[in-house]
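**Q** below are the sequence and a predicted model for it; my questions follow.
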Amino acid sequence: MPDAAGERGLPPRRRIGLLGGTFDPVHAGHLALARAALAHLALDELRFVPTGRSWQKVEAGANAPQRIEMLRIATAGLPRTSIDERETRRDGASYTIDTLIELRTQVGATPALAWIVGSDQLRNLPTWHRWNELLGYAHLAVARRAGDTLEGLDARVRTLVDARARDGLPDAPAGSVVFFAMPPMHVSGSALRAAIARGERPAELLPPGVLDYIGRNGLYRTVPGPNRGGRTAPFAQSVTRRNRMDPRKLQRVVVDALDDVKAQDIRVFDTTAQTELFDRVIIATGTSNRQTRALASHVRDKAKEAGAPVVSMEGADSGEWVLVDLGDIVVHVMQPAIRQYYNLEELWGTKPVRLRIGAPAKADAPGTARTATKRAGSAVKQAAKKRAGSEEKQSAPKRTAAERGAAKQTSAERTAPQRAAPKRVATKRTSKRASNA
């Protein structure tokens, strides 16, 4: 659908998204936010804007050239993106308003600029330098996670949102507050730096190539915090457990709970070789918002009943993608389109595991649901019975006419006592079932 400029016969207004941050290091959450912004805001271009010296944050763990290089590695395969280095070259503290004024001067009055923030940053907006001037130079595009009701907004920000909120990015260079959906992502720069300092390798939370760059350059090796003496940790794996329940038993609880509510395409992945943050990732599909919520809620409730800690549940408000964090297991319940778009199997799928303890893992279908397993088992049993019957017929010797007649007579003689004694027949059948079981 063309915008207003297109309808008037004018060239479409160029849309430029601006994603600022320390990117220390750039991680999977940043890239997910960038992809969501490109899609939902229909951006022509998205620029990553790494900070120089942020007046709101402590000094970065990596220097500016290193953070920029990690961004280059991370965005190499991400189309319509670029890196704007202006803030890293600026002397003194770095303010967003200064960046927007410079950019507006460079690009002119026509293009739409959208400064991208999370809803947590929206809550902190009054602490920003000259924050009430931002909408004079750009739109404010707020990534809103499912379930976020925007409680706790400053009254001035609430007034601004009520007056300037729009459903989509309007055909204007600046002046609006636009919200777009952001899937739940369990990752933060501070947690990643701490994990690396402990000797962990959280490869699944970092874009390809970034962890290798961190290792080659010895970044984030010093354990932060007081009374640590600047201790350096080895860059190797360690074992960290967030609960004491056997993850294999918890896995069974989760899969059973998903199966109870008819989840589709359940996949289980062992992540112990990829991260120290959790042992399993379980992915399942729900066909509607209602079902994804029901699946996640049932998993949460069954985990609680089993004695497992429920760290959090996110995304239930929209129901498109609901994440249940059970400590050693993270469960993703997603609608089909969301699952296909984010393709978590590609991220976690290096080591598929069996759905239940005692069942063999299948490399071609690591997450077949229990109903499919039952059907397959039933089919195998039926095929086996047919083969056995066929072999029995083929191997049995042919009988003469006299033998067949005697057999008929014997069968007739047996019929009467069988009809007279149904209890015995029932007992025999029950006994036969027990022996077959």
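**A** In hand now; what should we look at? Numbering: from 1, shown residues only.

**Q** pLDDT on stretch 308-317, on average?
**A** Average pLDDT, stretch 308-317: 81.

**Q** end to end, how far does that stretch reach?
**A** 23 Å (CA to CA, to the nearest Å).

**Q** what comes up buried for that stretch?
**A** Neighbour-count burial for stretch 308-317, counted by 16 or more other CB atoms under 10 Å, picks out A308, M313, E314, G315, A316. Using the backbone N, CA and C atoms, a C-beta is placed for each residue, glycine as well.

**Q** helices - which of these land there?
**A** Among the buried residues of stretch 308-317, no residue falls in helices (DSSP state H).

**Q** let me have the residues you listed in CSV, adding distance to A172 as columns.
**A** Listed next are the buried residues of stretch 308-317 as CSV, based on distance: CB to CB, whole Å:
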residue, distance to A172
A308, 50
M313, 38
E314, 33
G315, 31
A316, 34
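
**Q** what stretches of the stretch 151-300 of the chain score poorly on pLDDT?
**A** For the stretch 151-300 of the chain, the stretches flagged by pLDDT under 70 are 222-244, 274-276.

**Q** mind redoing it with 90?
**A** 151-153, 167, 181-191, 193-204, 208, 221-249, 270-281, 289-290 (pLDDT under 90).

**Q** show me where it has its strands.
**A** Using DSSP state E, counting those that start in this stretch, the strands of the stretch 151-300 of the chain run over 165-166, 177-182, 264-270, 280-285.

**Q** neighbouring strands for the second one, and are they parallel or not?
**A** Using DSSP bridges, the neighbouring strands of strand 177-182 in the sheet come out as strand 139-145 (parallel), strand 165-166 (parallel).

**Q** tell me the most buried of the ones you listed?
**A** Mean neighbours per residue, mean count of other CB atoms under 10 Å, is largest over these for strand 139-145, with a mean of 22.

**Q** looking at it now, give me its mean pLDDT.
**A** On average, strand 139-145 scores 93.

**Q** tally of neighbours for V117?
**A** As a burial measure, V117 scores 23 neighbours (other CB atoms under 10 Å).

**Q** tell me the contacts of R280?
**A** The contact partners of R280, taken as CB atoms under 8 Å, 6 or more residues apart in numbering, are P247, L250, Q251, V268, F269, D270, T271, D328, I329, V330, V353.

**Q** neighbours of the residue lying closest to the fifth one once chain neighbours are set aside, how many?
**A** Okay, so that is F269. Nearest non-adjacent residue to F269, counting by CB to CB, 6 or more residues apart in numbering: W348, 4.3 Å away. The local packing of W348 (other CB under 10 Å) involves 22 other residues.

**Q** is it true that W348 touches D279?
**A** No: the criterion here is CB atoms under 8 Å, and W348 misses it with D279 at 11.7 Å.
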